[in-house]
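Novice: heads up, no residue letters with this:
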């Protein structure tokens, strides 16, 4: 009947022996030595998964976690946004401080409210038109130089590179003299 499992800040290098925890809602394995996402296929009741500050390079083996609403993979070695299409309940996706260069493969995340891609290597806000529920976008400390506001729909929060971004498109709902953080 365990609902929450906090095992952060240990020397765990492999996710294993969790298959009987089928009622688990929250799993915190941040700040470990994990290099591969695995061993989670039976945890279909998970709503929160924190794997930040590990050594993960590929987002994989989470397709069955369809009830997941929060996924945190910050401070890993991830280069590509992938294998997220089945996570249709996902509301918060935090993959900051990684090696991501392109926003992609997020089209099916129609429930996404918050997207945090700060401290990556992204140079263009693109492939986000389908994220109509999104109201928070954190994209500070990337290589973005221009934002087309007509692509941002009704997003409430835009954290940029120290306010040094040129804007184009319809900015009627934004005060461009204000730095949004």
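Specialist: Nice, thanks for sending it over. Note that the structure is a prediction, hence the values are computed from the model and not measured. Residues are numbered from 1 along each chain as shown.

Novice: Any idea how many residues pack against residue 43?
Specialist: 24 (other Cβ atoms under 10 Å). Every C-beta, even on glycine, is put in place using the N, C-alpha and C of the backbone.

Novice: ok, and the closest non-adjacent residue to it?
Specialist: What sits nearest to residue 43 in space, not counting adjacent residues and going by Cβ to Cβ, 6 or more residues apart in numbering, is residue 24, at 5.3 Å.

Novice: per-residue pLDDT, that neighbour?
Specialist: Listed pLDDT for residue 24 reads 97.

Novice: Distance check, residue 46 against residue 69.
Specialist: Relative to residue 69, residue 46 is positioned 9 Å away (Cβ to Cβ, to the nearest Å).

Novice: My read is that residue 131 contacts residue 110, right?
Specialist: Yes - judged on Cβ atoms under 8 Å, residue 131 makes contact with residue 110 at a distance of 7.5 Å.

Novice: Comparing the two, which shows the higher neighbour count?
Specialist: Shown here are residue 131 and residue 110; by other Cβ under 10 Å, residue 131 has more neighbours (23 against 14).

Novice: That one: what's it in contact with?
Specialist: Residues in contact with residue 131 (Cβ atoms under 8 Å, 6 or more residues apart in numbering) are 106, 109-110, 112, 115, 153.

Novice: now swap in residue 101 and tell me
Specialist: 79, 120-123.

Novice: Give me the more crowded residue out of residue 46 and residue 69.
Specialist: The neighbour count for residue 46 versus residue 69, taken as other Cβ under 10 Å, is higher for residue 46 (25 against 18).

Novice: hang on, the more buried one packs against residue 23?
Specialist: No - with contact defined as Cβ under 8 Å, residue 46 and residue 23 do not form a contacting pair (9.9 Å).

Novice: Straight-line length of stretch 50-57, end to end?
Specialist: 15 Å (Cα to Cα, to the nearest Å).

Novice: So for it, what gets flagged as buried?
Specialist: Under the neighbour-count criterion of 16 or more other Cβ atoms under 10 Å, stretch 50-57 has 50-54, 56-57 buried.

Novice: quick one: which of those is nearest to residue 12?
Specialist: residue 54 (8.7 Å; Cβ to Cβ).

Novice: Report the secondary structure state of that closest one.
Specialist: coil (DSSP: H, G, I helix; E, B strand; the rest coil).

Novice: Now do the contacts for it.
Specialist: 29-35, 75-76.

Novice: That one: what's its closest spatial neighbour, skipping adjacent residues?
Specialist: residue 34 (4.1 Å).

Novice: What does the pLDDT read for that neighbour?
Specialist: Predicted confidence (pLDDT) for residue 34: 98.
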